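Student: Using only what follows, build the 3D model:
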Amino acid sequence: MNIKSVIKILSLWMALACLSQPAEADVLRLRGRETYVSGQMLVRFKEGASSRERDKVLGALGRSVALPHANLYKVFLLPGQDVRGAVVKVSGDPAVQYAQPNYRYYAFGCSTPTDPFYTTPENWPFTKIQAPAGWALFSSCPPGSASVTVAVLDSGVSRNNPDLKNVPLVGYNAVCATDSQNLSCPCGGPVSDSAGVTASMDDYGHGTYVAGIINASWNTSDAEAASSYKPLCDSSGATTPYGGSPTVGFAGLAPGATLLAVKILDCTGAGSTDSIVTGTDFAVAMGARVLNFSLGSSPDGGIDPAEKESLDNALANNCVIVAASGNDSNISGGNQQAVDFPAAYPPVIAVGASDQNDHVADYSNGGVNLDIVAPGGTADAFTGNAITDSAFKIFSTFLSPLPPVAVGSPTECGFEPLQPPAPTDPNFGVAAGTSASTPFVSGAAALVLSLYPSLSYSQVAQRLIDNADSLNGNKGWDAKTG
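Tutor: You can find the predicted model right below:
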C-alpha cells in the first residue's frame, strides 16, 4: 500500500523545541543545531564478520562500545579525526554493512499548561477529528484496549501528573543505556523501570505533553487518584464528574490503551541515532503496536541507515509507526520545508499540523512524503492566558515544574502554563506544533487496533487516511495537506 496516494487529513500538533547546542568545527548545522554528534560515528558489521575483522576496523578509529542493536558499534574517534572522512573510509571495508554519523534528533516543540477540563474551548481538536463518534463505538470505558500498547519514544513520561498516574511502571531509558546524554543531564543507575525506579521519568517536559494527548486518564479527581473508579462514557466526551467532586485534567484520545514510556531524548530535548535505535528496539521487543515519534532530523541523503534498519524491524513486527513532519516552514511566505526523518520514510505515517479553522499550520513541513495532517494549532498567537489560548493551541499534560531549558518566551518555545488570571495548575498547559499533531494520529491508530487487532500496519494507515476529512475541497493528495 502506498499511503502517499491519498490526500486527506486529521488534525494534530506541537511546536519546535528551543535548543542551543555548542558549535563543533566538523559538525554541519541543522537550522542552528548540530546535525550529528561531534567525534562519534556508528559502524554496523555484516552478520558473518569475524571478531578479527571487527577489531581491525574499530582499532583504527578509536575507542568503541557495542550497542544493544545487533552488530552495531558506537565509535569515539581519535582526536583530529573527521567524522565524515572516517565514515567514507570505513564504508568501503568488506566486513562493514554500513557506517554513519551518530545523527542528532530534536523534539519538535515546547508546551505550556492549560485548562484542567475537557470542555470548550480546550477540546476543539477532539471535536475536529470527531473523537466522540469514535469513542461511541466502544462498549466499555475508557475507550481503547489495554492489549494495545502505544510507545511514546520521547523525553520520558512523568507519572507524577494526576492524569498520567495509570502509565505502567514498565519503561526504558535508552539515553542512559547508550551514554548519549548531554553532560548537563544526569545518568547513572538502572535504565529500566522497576519497583522504586522510574528510569524513564521525563526531565524535559516534551514526552509528558505528548503522552497526555494519547493517554490522559478520564475523569480523574483529587479524591480518587489511587482508586479503581471507572468513569462513565457519554457521546460528548469525558465530562462526567467523579462522585460530585470536581474533575482535574482532561481526556486523552485512547486512555484505555497501554502507554509505554521510552526515553530517547535527554534533559535538553536532544537524542542521537544510538538512543533512537536502542529505544525503538526496546519498544518492539515489549510488543508495542504503535510507535509515536514527535521528533525528527535531517540526515545525509534523507535517511539514517541504523534508524531505518530499526524501523524495518518494527514494521516486520507489524508496528504502526507515526512521526511528526517538522515545524520549519513558512507556508504563507512561499517556503514549505520537506518532511523530516523518520517521518519521511515511506512506510511511516508522516503527520503535519492543522489549526482550529481546518487550515494547514503555517509552520508545518510537507512535500511528497506527507500523509496526513491533524490538529497542531497556531504557533504565533499568545495572549498570556492559557485558557484563552487553548482555543487555538493544544491542551495537554505538563511536567511540573518545567526545567529551565524548556522554558522560554511563548513566541520562542510555546510552553504556556496554566497560571493567573486563569486557574493555576502547573500540571497542564498549551502549545502548538507537529509534535502535538502526531499523538492524535497515534491515539486514533490505537483505537482502530483496539477494535480490529488483526489489521496490518498498512491497513491501519489506510483506514486513517480513507476516513479523514479533506482540507482542499476533495482534490486529492497535495503537498500541504497530505
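Student: how much space between the nearest residue to Asn330 once chain neighbours are set aside and Glu309?
Tutor: Spatially, and ignoring its direct neighbours in sequence, Asn330 is nearest to Asp362 (6.4 Å; C-beta to C-beta, 6 or more residues apart in numbering). Quick note: C-beta positions are derived from backbone N, CA and C, even for glycine. The spacing between Asp362 and Glu309, counted by C-beta to C-beta, to the nearest Å, is 35 Å.
Student: Kindly report the same for Met201.
Tutor: Relative to Glu309, and taking C-beta to C-beta, Met201 is found at 29 Å.
Student: show me where the stretch 151-300 of the chain has helices.
Tutor: For the stretch 151-300 of the chain, the helices defined by DSSP state H, counting those that start in this stretch occupy 174-177, 206-215, 273-285.
Student: So which of the ones you listed is the most surrounded?
Tutor: Mean neighbour counts were compared across the helices of the stretch 151-300 of the chain using mean count of other C-beta atoms under 10 Å; the top stretch is helix 206-215, at a mean of 32.
Student: mind saving the C-alpha coords of that helix as CSV?
Tutor: What follows is helix 206-215, C-alpha atoms only, in CSV (Å, rounded to 0.1, in the frame of the first residue of the first chain):
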residue,chain,number,x,y,z
HIS,A,206,8.1,17.2,25.9
GLY,A,207,7.3,13.5,26.4
THR,A,208,4.8,14.2,29.2
TYR,A,209,2.9,16.6,26.9
VAL,A,210,2.8,14.1,24.0
ALA,A,211,1.7,11.3,26.3
GLY,A,212,-1.3,13.2,27.7
ILE,A,213,-2.8,13.6,24.2
ILE,A,214,-2.9,9.9,23.8
ASN,A,215,-3.4,8.5,27.3
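Student: Now do that helix: which elements does it pack against?
Tutor: In terms of contacts (3 or more C-beta pairs under 8 Å, 6 or more residues apart in numbering; DSSP states H and E), helix 206-215 is packed against strand 149-154, strand 258-263, strand 394-397, helix 434-451.
Student: next one: the longest one to chain centre, how far?
Tutor: Between the centre of helix 434-451 and the centre of its chain there are 11 Å (C-alpha atoms, centre = their mean, to the nearest Å).
Student: Likewise for the first one?
Tutor: On the basis of C-alpha atoms, centre = their mean, strand 149-154 is displaced by 8 Å from the centre of the chain it belongs to.
Student: Tell me what angle that strand forms with strand 258-263.
Tutor: Counting by axes from the mean of the first three to the mean of the last three C-alpha atoms, to 10 degrees, strand 149-154 points 20 degrees away from the direction of strand 258-263.
Student: pLDDT averaged over strand 149-154 - what is it?
Tutor: Average pLDDT, strand 149-154: 98.
Student: Any stretches of the chain with poor pLDDT?
Tutor: By pLDDT under 70, the low-scoring segments of the chain are 1-32, 109-118, 220-248, 381, 405-414, 422.
Student: per-domain residue ranges of it.
Tutor: Domains of the chain are assigned by automatic domain parsing as 35-104, 124-466.
Student: Quick one: closest of those to Gly473.
Tutor: domain 124-466 (11.4 Å; C-beta to C-beta).
Student: count of neighbours near Ala136?
Tutor: Other residues lying near Ala136 total 14 when counted by other C-beta atoms under 10 Å.
Student: Check which helices and strands whichever strand or helix holds Phe428 is in contact with.
Tutor: Under the criterion of DSSP states H and E, Phe428 resides in strand 425-431. In terms of contacts (3+ C-beta pairs under 8 Å, 6+ apart), strand 425-431 is packed against helix 386-389, strand 394-397, strand 416-418.
Student: returning to that earlier point: mind putting the helices and strands packed on helix 206-215 into CSV with mean neighbour count and distance to Ser140?
Tutor: Shown next, in CSV, are the helices and strands packed on helix 206-215 (neighbours: other C-beta atoms under 10 Å; distance: least, C-beta to C-beta, whole Å):
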stretch, mean neighbour count, distance to Ser140
strand 149-154, 30, 18
strand 258-263, 28, 15
strand 394-397, 34, 23
helix 434-451, 30, 10
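Student: Let's have the ones you listed in a markdown table, adding distance to Ala344.
Tutor: Formatted as a markdown table, the helices and strands packed on helix 206-215 follow (distance: least, C-beta to C-beta, whole Å):
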| stretch | distance to Ala344 |
| --- | --- |
| strand 149-154 | 17 |
| strand 258-263 | 21 |
| strand 394-397 | 23 |
| helix 434-451 | 13 |
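Student: which one of the ones you listed lies closest to Ala461?
Tutor: Nearest to Ala461, of all these, is helix 434-451, at 8.0 Å by C-beta to C-beta.
Student: quick revisit: now do the contacts for the residue nearest to Asn330.
Tutor: Residues in contact with Asp362, defined by C-beta atoms under 8 Å, 6 or more residues apart in numbering, are 329-332, 379-380.
Student: and of these, the nearest to Asp340?
Tutor: Ser329 (11.1 Å).
Student: ok, that closest one - how many residues close by?
Tutor: Quick note: Ser329 (other C-beta under 10 Å) scores 25 neighbours.
Student: Contacts only, for the residue lying closest to Asp274 once chain neighbours are set aside.
Tutor: Spatially, and ignoring its direct neighbours in sequence, Asp274 is nearest to Thr178 (4.4 Å; C-beta to C-beta, 6+ apart). Applying C-beta under 8 Å, 6+ apart, one finds that Thr178 lies in contact with 67-68, 74, 272, 274-275, 278.
Student: try Phe76
Tutor: Applying C-beta under 8 Å, 6+ apart to Phe76 gives the contacts 39-40, 62-64.
Student: Among the residues you listed, which lie within strands?
Tutor: Among the contacts of Phe76, the ones falling in strands (DSSP state E) are 39-40, 62-64.
Student: Reformat those residues as TSV; add neighbour count and distance to Ala49.
Tutor: Output for these, formatted as TSV (neighbours: other C-beta atoms under 10 Å; distance: C-beta to C-beta, whole Å):
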residue	neighbour count	distance to Ala49
Gly39	20	24
Gln40	20	21
Gly62	16	19
Arg63	11	19
Ser64	19	14
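Student: With distance to Ala391 added, can I get those residues in JSON lines?
Tutor: As requested, the ones in strands among the contacts of Phe76 are exported to JSON lines (distance: C-beta to C-beta, whole Å):
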{"residue": "Gly39", "distance to Ala391": "47"}
{"residue": "Gln40", "distance to Ala391": "44"}
{"residue": "Gly62", "distance to Ala391": "54"}
{"residue": "Arg63", "distance to Ala391": "53"}
{"residue": "Ser64", "distance to Ala391": "53"}
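Student: hang on, the earlier thing: select only the buried ones of the contacts of Asp362 in PyMOL?
Tutor: Burial among these is assessed by 16 or more other C-beta atoms under 10 Å; the matching PyMOL selection reads:
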select buried, resi 329+331+379
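Student: Out of the contacts of Asp362, which comes closest to Asn123?
Tutor: The nearest member of these to Asn123, counting by C-beta to C-beta, is Ala379 at 20.0 Å.
Student: Just the strands from the stretch 51-200 of the chain, written as ranges.
Tutor: 62-66, 72-77, 96-107, 149-154, 172-173 (DSSP state E, counting those that start in this stretch).
Student: Can you say which of those strands is nearest to Tyr452?
Tutor: Nearest to Tyr452, of the strands of the stretch 51-200 of the chain and by C-beta to C-beta, is strand 149-154 at 15.7 Å.
Student: and the closest one, what does it pack onto?
Tutor: Using 3+ C-beta pairs under 8 Å, 6+ apart: strand 149-154 touches helix 206-215, strand 258-263, helix 273-285, strand 290-293, helix 434-451.
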